[in-house]
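[1] Let's see this in three dimensions:
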Amino acid sequence: MFFKEELLRSIGGVEQHYYPGDYIFQEGGSPKFYFQIVNGDVKLNNYNSSGKEFIQNILSSKDPLGDYMLYLEQTYPVNAVALSNCTIIKLCASTFTRYLDQHPSHYLELCKSLSKHLYRKFILMQKISSPSAVERIKEVLELMKHEHENKTPFTYEVPITRQQLASLTGLCVETTIRAIKKMEQEKIVLITNRKIMY
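    Next comes the predicted model:
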């Protein structure tokens, strides 16, 4: 759920700045804050026992970060890592829940936000189960572009690297690169200055 920045600041939220690679929170940590991205991109990831990264989600401006963990007495199952320079508003969890208790109409909006998150997660899981690397990547790019207003072909600059795209789709980097080249030949994507345009 998107809360206006002014509202979050007025009830005690503070802005923090992060650089690419900085952790906002780490797997195993206790959720003590509500986070909302003001600008920048953040990945939610974890690593398997052999050290391979799996990107669970990529979030950007106005997205809440880890809000679904505030209502459980569990630790974070993922890391939140800045992909770019980010500004994030951080609000103490108890202040956030007290605000919601005083403004119950926001609970419905929060439920909608959590439902949207679950819906996107299920769609992503369905899409990356395809045996075709091209189909996996295409569906993930479609899901990422869906959040943006301009639907014209080749207007969406994919904000992640090929390595990150591989981690998001469960493919190896080499397979991802080959699939992207094939997608370029089939005019599904356009490569401009090493950037993927979808």
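
[2] Would you mind pulling the contact partners of the worst-scoring helix or strand of the chain on mean pLDDT?
    None of the helices or strands of the chain scores lower by mean pLDDT, DSSP states H and E than helix 105-127, at a mean of 85. Helix 105-127 is contacted from outside by 1-3, 56-57, 64, 67-68, 99-100, 135-136, 139-140, 143, using CB atoms under 8 Å, 6 or more residues apart in numbering. (Glycine included, C-beta is placed from N, CA and C.)

[3] And for stretch 130-150, what's in contact with it?
    58, 60, 120, 123-124, 127-128, 151, 156, 158-159, 165, 168-171, 175-176, 178-180, 182-183, 186, 188-189, 196, 198.

[4] Which parts of this structure belong to which domain?
    5-115, 128-197 (automatic domain parsing).

[5] Arg9: helix or strand, and which one exactly?
    Following DSSP states H and E, one finds Arg9 within helix 5-10.

[6] same thing with Ile55?
    Using DSSP H and E, Ile55 sits in strand 53-59.

[7] Check the offset of that strand from the chain's centre.
    6 Å (CA atoms, centre = their mean, to the nearest Å).

[8] picking that back up, quick one: name whatever helix or strand follows the least confident helix or strand of the chain.
    Next along the chain after helix 105-127, taking DSSP H and E as the criterion, comes helix 133-146.

[9] ok now that next one, how far from the chain's centre?
    Chain-centre distance of helix 133-146: 14 Å, with CA atoms, centre = their mean.

[10] Ok, stretch 130-141 next?
    18 Å.

[11] Pull the number of nearby residues for the closest residue to Phe35 other than its chain neighbours.
    In space, and not counting its chain neighbours, Phe35 is closest to Leu65: 3.8 Å by CB to CB, 6 or more residues apart in numbering. For Leu65, the neighbour count with other CB atoms under 10 Å is 22.

[12] Leu65 touches Phe33, doesn't it?
    No. Counting by CB atoms under 8 Å, Leu65 stays clear of Phe33, with 9.1 Å between them.

[13] joint contacts of these two?
    Phe25.

[14] residues contacting Lys43?
    Applying CB under 8 Å, 6+ apart, the residues contacting Lys43 are Ile55, Gln56, Asn57, Ile58, Leu59, Ala80, Val81, Leu83, Ile160, Gln164.

[15] now the angle between strand 53-59 and the helix or strand that contains it, please.
    Assigned by DSSP H and E, Lys43 belongs to strand 42-47. Angle, strand 42-47 to strand 53-59, by axes from the mean of the first three to the mean of the last three CA atoms, to 10 degrees: 160 degrees.
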